[in-house]
Structures are given as structure tokens and as C-alpha cells.
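**Q** fold the following and give me the result.
(one chain, ligands or ions: 1)
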Amino acid sequence: MARKQQYIQIKDLFLKKYANAQTELHYNNIYELLIAVILSAQCTDKRVNIVTPLLFTKYPSTKELSKANIDDLKEIIKSVSFFNNKAKNLILMAQSVESDFNGVIPTNQQDLMKLHGVGQKTANVVLGEFFDMNYMAVDTHVFRVSHRLGLSKSKTALQTETDLTKIFKDNLNLLHQAFVLFGRYECKAVRPQCENCFVKQYCKDSKNFKPQ
Ligand code: SF4
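**A** Residues are numbered from 1 along each chain as shown. All right, here's what the predicted structure looks like:
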């Protein structure tokens, strides 16, 4: 079968199986989503969901967060990986939203990426999740799944994002979430559930691919 045809079939299968895929991060608005996504870098969504209720109560908007005492913030998020850096970035992010964007979280990739702690992956996840914008984002799960399925041979997450964007073209935000959920619960890093895999016929290599 031609490779292009395989890509179409893989895309269709994921969009069918994960038609209602949503992030597992808890949030009520774009401010909360942005914070949750920043905290989720190299940390589980479950862990982030444990710390965010208190964080959002104490700092309900960038106005309060921009004036936060860093030690108080660190105390709230101390169980999250890299909490020292993330606490610094959250306060700096809130300060730049207040000073540069009139207290309104930007809603385009270019401006979001001007905020501290917000790279392309974080911006794309927020825009794809909150506005259903057509953006791919490659985390450890998406990287592993796409390499196992032969969709990319690139070494970095950003290059892999470019590969997946070229191959799939649309529904990128849904495919991102689908790959995250498939990688988290089925195509796991260690002991993937290959026997019952719904895309087994397309799998090229079950080794644990990791981005550089
Ligand atoms: S066969 Fe196994 S390694 Fe390959 S995509 Fe399916 S679950 Fe992942």
C-alpha cells in the first residue's frame, strides 16, 4: 500500500476512535488552561490537577498572579516537577500579560510565545484545545506514537511537529489529543498493549522513541 494511503487510513482511524478526545487537564478559562499546560511539562496531568484548584483560588487571574509571593506559589506547586522554574515563569508570564497585553491572555501563537515559559508546544496545545485551532503539538507521547507508526523519523519534537503537520494538514488539534491519549494508555513507553492495538498493521517499531 502506498505510504500516502496509509497516512490517510491512520488519520481516519484515530479521528474515529478518539472523536471526542479532550485534554485531561482541569480548567475553566484560557488563563487556567495556560497555567495547567505550563505546569504539565514533564509532569502528569493528574499531578497538575491536584495543585491547580488551590492555585486558581488564590490567584484567580493574571492580576493576582503577577503580584504573587514566589515562596507562596512554590509551596502550592511544590509537588510538580521543576516547580522552582515553573513558579518563576508563571509570575513572569502573568506580569507580561498585565503589562504588555492589558491583562488579556493573547490568542495567537506569535504573542503567546512572547510570554515567559510559553514555547511553541505550549502555545499550540492552548490554541488547539481552547479555540479548536488547527495546531499540532508534540509531547513525549505524540513523539513516541508517531515514530512507532513511521509518521516521522525526525529527532526533535519541533521537527516531528512539522512532519505531522505536513502529513495530516487538518484536524491537527484532535489528532494531537488522540495521540496523547493513545500513547498514555495503550501505546505506552514501557510494555505497550500491542496485542489489542487498533493500528498494529501500521506499526514499524515498538521501541521507546524519545525526542532529543
Ligand atoms: S503495535 Fe504496539 S508499539 Fe505499535 S503502535 Fe500499537 S501499541 Fe504502539
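
**Q** up against the ligand, what does this protein have?
**A** Contacts of the chain with the ligand, taken as Cβ under 6 Å from any ligand atom, map to Arg148, Leu149, Glu186, Cys187, Pro192, Gln193, Cys194, Cys197, Val199, Lys200, Cys203, Ser206. Quick note: C-beta positions are derived from backbone N, CA and C, even for glycine.

**Q** just the buried residues out of these, in ChimeraX syntax.
**A** Per 16 or more other Cβ atoms under 10 Å, the buried members of these correspond to this ChimeraX selection:
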select :148,149,186,187,192,197,199
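
**Q** of the residues of the chain next to the ligand, which is the nearest to Ser96?
**A** Cys187 (37.1 Å; Cβ to Cβ).

**Q** related to what we said a few turns ago, in helices only, show me the residues of the chain next to the ligand.
**A** Residues of the residues of the chain next to the ligand located in helices (DSSP state H): Arg148.

**Q** low-scoring stretches of this structure, by residue?
**A** Counting by pLDDT under 70, the chain contains low-confidence residues at 1.

**Q** in which helix or strand would I find the most centrally placed residue in the chain?
**A** In the chain, the centroid-proximal residue (Cα atoms, centre = their mean) is Val125; its distance is 4.7 Å. Using DSSP states H and E, the element containing Val125 is helix 120-131.

**Q** just Ala68 next, same as before
**A** Using DSSP H and E, Ala68 is not contained in any helix or strand.

**Q** gap between it and the ligand?
**A** Look at Ala68 and the ligand: by Cβ to the nearest ligand atom, to the nearest Å, they are 41 Å apart.

**Q** residues near that residue, how many?
**A** For Ala68, the tally of surrounding residues (other Cβ atoms under 10 Å) stands at 19.

**Q** who's in contact with it?
**A** Residues near Ala68 by Cβ atoms under 8 Å, 6 or more residues apart in numbering: Lys58, Tyr59, Leu90, Ile91, Ala94.

**Q** how about Lys17?
**A** Ala178, Phe182, Phe198.

**Q** measure the closest residue to Glu64 other than its chain neighbours to Val199 for me?
**A** With Cβ to Cβ, 6 or more residues apart in numbering as the criterion, Glu64 has its nearest non-adjacent residue at 7.3 Å, and that residue is Lys58. Distance, Lys58 to Val199, by Cβ to Cβ, to the nearest Å: 43 Å.

**Q** swap in Ala123?
**A** Going from Ala123 to Val199 by Cβ to Cβ gives 28 Å.

**Q** which helices and strands sit right next to the helix holding Val125?
**A** Judged by 3 or more Cβ pairs under 8 Å, 6 or more residues apart in numbering; DSSP states H and E, helix 120-131 is in contact with helix 30-39, helix 109-112, helix 157-168, helix 172-185.

**Q** report the angle between it and helix 172-185.
**A** 110 degrees (axes from the mean of the first three to the mean of the last three Cα atoms, to 10 degrees).

**Q** can you dump the C-alpha atoms of whichever helix in the chain runs longest in CSV for me?
**A** Across the chain, the longest stretch assigned as helix under DSSP H is helix 83-100. Extracted in CSV, the C-alpha atoms of helix 83-100 (Å, rounded to 0.1, in the frame of the first residue of the first chain):
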residue,chain,number,x,y,z
PHE,A,83,8.4,23.8,40.4
ASN,A,84,11.1,26.4,41.1
ASN,A,85,11.4,27.4,37.4
LYS,A,86,7.7,27.0,36.8
ALA,A,87,6.8,29.3,39.7
LYS,A,88,9.2,31.9,38.3
ASN,A,89,7.8,31.6,34.8
LEU,A,90,4.2,31.7,36.0
ILE,A,91,4.7,35.0,37.8
LEU,A,92,6.8,36.5,34.8
MET,A,93,4.1,35.2,32.4
ALA,A,94,1.4,37.0,34.4
GLN,A,95,3.4,40.2,34.7
SER,A,96,3.9,40.3,30.9
VAL,A,97,0.2,39.7,30.3
GLU,A,98,-0.6,42.6,32.6
SER,A,99,2.0,45.0,31.2
ASP,A,100,2.0,44.1,27.5
